[in-house]
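# pasted the sequence and its predicted model underneath.
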Amino acid sequence: MSEGLRPLFSLKGRLALVTGSTRGIGLAAAETLARQGATVVINGREPEAVHSTVAEGQRSGLDFRPMSFDVGDTTASVQAVDQIEQELGPLDILFANAGIQHREALLEFELSDFQRVIAFNLTAQWALAQHAARAMVTRGRGRILFTGSITAVLGRERLSAYTAAKGALHAMVRQWSTELAPAGVTINTIAPGYIRTELTKALWTDPSFDEWLQKRTPAGRWGLPQDLAAAVAFLASDEAGFITGQTLVVDGGLSSTM
């Protein structure tokens, strides 16, 4: 390799914040970003879980740093971004992954529950990303990613608030791209299909649902957090600099077939 030539998809020297990164998709993404050379800020609501995740990652040679805050608290999120930039340097990558869920039949869904899900999964994401984007635009570079959902592509019962929030995120990245791209900042959404995590354990331990999913999905299996993490690392890289305003569905072909 010629001296000074950057390896493909390298994130060396980059600083990333991954929200909701003490487990599941967020943790897998944080590990992958760090393996590509990034310094990764681990986030979660519980300080103990954050520090445990950081310690375990550092024992494996990953450059993890802790930052405990509740993404749903927009004031705390803005302050956290400022603290990261003051203590660690410019934030190059934001993967806004944290989210909440509430399952209820449409006609029984309480307005207060709808508002709570929208506030966390849409409004709080907007506020966090907007604040991060301001500094990125000033510097002329940056990567912003959201966790969307296949439920914003294909309807599913009992998820009216979650689907509304994720669908709005998908639309939001298209609009934001028109304002951020001229400044060298890309924004994209990754829409997972059925991913085998702690949050979906009730589904993948249900023999009938597990059988249905494997038959329904062309790939014939559940997705793994690492499947999403690879997409995150690619979209965070320099090589993805001409990709913005897009929703990348990672679902093993589920949404491509009847």
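Noted; the coordinates are in hand.
# Three-state assignment for the closest residue to A119 other than its chain neighbours, please.
Sequence neighbours aside, G72 is the residue nearest to A119 in space, at 6.8 Å (criterion: CB to CB, 6 or more residues apart in numbering). (C-beta placed from N, C-alpha, C; glycine too.) On the three-state scheme (DSSP: H, G, I helix; E, B strand; the rest coil), G72 is labelled coil.
# and the gap between G72 and I100?
Here G72 is placed at a distance of 8 Å from I100 (CB to CB, to the nearest Å).
# neighbour-wise, which of those two wins?
Using other CB atoms under 10 Å, the more surrounded residue of G72 and I100 is G72, with 19 against 16.
# show me what contacts that one?
G72 makes contact with I100, A119, F120, A124 under the criterion CB atoms under 8 Å, 6 or more residues apart in numbering.
# helices along the stretch 51-200 of the chain, start to end?
Using DSSP state H, counting those that start in this stretch, the helices found in the stretch 51-200 of the chain span residues 74-87, 111-118, 124-139, 160-180.
# centre of the chain to the longest strand along the chain, how far?
For the chain, the strand with the greatest residue count under DSSP state E is strand 185-192. Per CA atoms, centre = their mean, to the nearest Å, the displacement of strand 185-192 from the mean C-alpha position of its chain is 8 Å.
# listing partners with orientation, what would you give for it?
Within its sheet, strand 185-192 is paired with strand 142-147 (parallel), strand 247-250 (parallel), according to DSSP bridges.
# now what about the last one, what contacts it?
Contact with strand 247-250 is made by 148, 150, 152-153, 170, 173, 188-193, 223, 227-228, 231, 235, 255, as judged by CB under 8 Å, 6+ apart.
# center of this structure - which residue?
The centroid of the chain falls nearest to N97 when counting by CA atoms, centre = their mean (2.9 Å).
# give the contact list for it.
V18, T19, G20, S21, I25, G26, A29, L145, F146, T147.
# distance of it from L27?
In terms of CB to CB, N97 sits 10 Å off from L27.
# same check, this time on R103
The spacing between R103 and L27, counted by CB to CB, is 23 Å.
# may I ask which helix or strand of this structure has the lowest mean pLDDT?
In the chain, no helix or strand scores lower on mean pLDDT, DSSP states H and E than helix 201-204, which sits at a mean of 92.
# what's that one packed up against?
On a contact count with 3 or more CB pairs under 8 Å, 6 or more residues apart in numbering; DSSP states H and E, helix 201-204 meets helix 207-216.
# and the next helix or strand past the helix it packs on?
Next along the chain after helix 207-216, taking DSSP states H and E as the criterion, comes helix 225-236.
# show me which residues of that following helix are buried.
Buried positions in helix 225-236, judged by neighbour count with 16 or more other CB atoms under 10 Å: P225, D227, L228, A229, A231, V232, A233, F234, L235, A236.
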